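Asks: Sequence below, structure please.
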Amino acid sequence: MAFSSAQPPYLSPGVPFQGTILGGLQDGLQIIIKGTVHFSTETRFAVNFQTGRSDKDIAFHFNPRFEEGGYVVCNTKQNGSWGSEERKIQMPFQRGQPFEICVLVQIWDFKVAVDGNHFVQYSHRVPFHCVDTISVRGSLQLDSIRFQNPTILPMVYPSLTYKLPYFTAIPGGLYPFKSIIMTGTVLPKAQSFHINLRSGSDIAFHLNPRFNENTVVCNTQINGSWGSEERWLPGKMPFNRGQNFSVWILCENHCFKVAVNDQHFCEYKHRLRNLPAINNLEVAGDIQLTHVQA
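Replies: The predicted structure follows:
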């Protein structure tokens with residue numbers, strides 16, 4: 001999630017516009033587009049995140065249409081062919097009025113806010129790392145396109161580790177789109193470790209890599225009793241003895257999504273549904289813990 005340098009903005013570019021995204025899209029990158037929709041006979045404009053200057057491969061097509069009362073189309077084009085449209089029957093833009101579009105890139109989707117309000121999320125259909133170009137077309141004036149780097153994690157030094165078991169509060173508890181990020185190193189002779197998201201004495205989400213069983217166990221404990229285990233092993237163990245790792249837990253409305261080393265690993269449906277009451281994090285086991293963002 002770290003960037004070596006910030007990309008300078010594009011200021012007052014002409015439309016149609018194409019510009020390079022230095023280093024391509026990355027987890028946590030935000031692209032902020034400011035402009036004004038013209039009064040015009042044209043009824044559409046579009047923002048595309050694509051591979052190269054050709055429009056044959058567009059990972060994310062964001063297309064407001066001032067037709068039939070107004071709606072926004074999201075889609076993906078692969079090898080020149082459009083996929084199925086996702087339509088949001090709502091129009092957050094007005095002709096003649098300025099706007100701000102903020103696109104947040106995350107592991108599983110693009111999240112779009114318009115004028116500071118969440119508008120839509122669009123699940124990735126193709127790897128977003130392939131995107132290196134942004135294009136804008138239609139009847140509008142662009143004021144700026146800016147790039148906001150994700151929070152750069154602190155430099156990790158071997159001597160800077162958290163004492164285990166590690167406990168910390170999650171201010172405000174969990175809620176949809178809340179992320180918890182951890183980095184560390186698995187000990188060379190590790191047997192297991194666990195990450196618990198706690199609600200009082202209950203464990204809402206238990207993530208438990210077990211090296212002696214070559215699997216990852218997920219579970220919930222309520223009133224001291226464990227529920228049924230969910231075991232995840234898609235292909236191979238995502239953690240390796242003696243190796244660094246990162247874990248990203250994203251809380252959504254119905255489930256937790258887990259990414260390991262920036263790769264989607266599993267989903268776990270909520271068994272405790274009072275998300276704000278899940279307000280403590282516990283980490284323990286055969287690892288060195290080097291960073292926590294909760």
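Asks: how close does the residue of the chain most remote from its centre get to residue 95?
Replies: Residue distances from the centre of the chain (Cα atoms, centre = their mean) peak at residue 41, which lies 36.7 Å from the mean C-alpha position. Counting by Cβ to Cβ, to the nearest Å, the gap from residue 41 to residue 95 is 11 Å. Heads up, the C-betas are built off the backbone N, CA and C, glycines and all.
Asks: Residue 89 too?
Replies: 18 Å.
Asks: Tell me which of the two has more neighbours.
Replies: Neighbours of residue 89 and residue 95, each counted by other Cβ atoms under 10 Å, are more numerous for residue 95; the result is 14 against 9.
Asks: Look at that one and give its secondary structure.
Replies: Residue 95 falls in the coil class when you classify it by DSSP: H, G, I helix; E, B strand; the rest coil.
Asks: any idea how far it is from residue 68?
Replies: Distance check for residue 95 against residue 68: by Cβ to Cβ, it reads 15 Å.
Asks: Same check on residue 12?
Replies: 32 Å.
Asks: Please report phi then psi for residue 257.
Replies: Summarising the backbone geometry of residue 257 under the convention degrees, to the nearest 10, its torsions are phi -110, psi 140.
Asks: show me the contacts for it.
Replies: Residues in contact with residue 257, defined by Cβ atoms under 8 Å, 6 or more residues apart in numbering, are 107-108, 249-250, 264, 266-267.
Asks: what's the closest of these to residue 278?
Replies: For residue 278, the nearest member of the contacts of residue 257 is residue 249. The distance, counting by Cβ to Cβ, is 10.9 Å.
Asks: Just give the number of residues close to the closest one.
Replies: Burial measure for residue 249: 21 neighbouring residues, criterion other Cβ under 10 Å.
Asks: Pairing partners for it in the sheet, please.
Replies: When bridges are taken as DSSP bridges, the partners of residue 249 come out as residue 180, residue 258.
Asks: Hmm, residue 197 and it touching each other?
Replies: Yes. With contacts counted by Cβ atoms under 8 Å, residue 249 reaches residue 197, the gap being 7.4 Å.
Asks: Mutual contacts of these two, please.
Replies: With contacts defined as Cβ under 8 Å, 6+ apart, the residues shared by residue 249 and residue 197 are 180, 205, 256.
Asks: And the second one, how far from residue 224?
Replies: Between residue 205 and residue 224 the computed distance is 16 Å (Cβ to Cβ).
Asks: Same question for residue 24.
Replies: Distance check for residue 24 against residue 224: by Cβ to Cβ, it reads 48 Å.
Asks: do the same with residue 186
Replies: Going from residue 186 to residue 224 by Cβ to Cβ gives 29 Å.
Asks: Residue 271 too?
Replies: Residue 271 sits 15 Å away from residue 224, going by Cβ to Cβ.
Asks: So between the two, which is more surrounded?
Replies: Each of residue 271 and residue 224 has its neighbours counted (other Cβ under 10 Å); residue 271 has more, 15 against 8.
Asks: Skipping its backbone neighbours, what lies nearest the more buried one in space?
Replies: Computed as Cβ to Cβ, 6 or more residues apart in numbering, the closest residue to residue 271 that is not its neighbour in sequence is residue 220, at 4.2 Å.
Asks: My read is that that neighbour contacts residue 206, right?
Replies: Yes. Contact status for residue 220 versus residue 206: in contact at 6.7 Å, counting by Cβ under 8 Å.
Asks: Residue 113 pairs with what?
Replies: With DSSP bridges applied, the residues forming beta bridges to residue 113 are residue 102, residue 118.
Asks: list the contacts for it?
Replies: Contacts here follow Cβ under 8 Å, 6+ apart; on that basis residue 113 touches 101-102, 104, 119.
Asks: cool, residue 59 as well?
Replies: Contacts for residue 59 (Cβ under 8 Å, 6+ apart) come out as 25, 49-51, 76, 124-128, 130-131.
Asks: Closest one to residue 82 out of those, please.
Replies: Out of the contacts of residue 59, the one with the shortest distance to residue 82 is residue 76. That distance is 7.6 Å, counting by Cβ to Cβ.
Asks: residues touching the nearest residue to the closest one once chain neighbours are set aside, list them.
Replies: In space, not counting the residues next to it along the chain, residue 76 is nearest to residue 125; the distance is 4.3 Å by Cβ to Cβ, 6+ apart. Contact analysis of residue 125 by Cβ under 8 Å, 6+ apart lists 59, 76, 78, 83.
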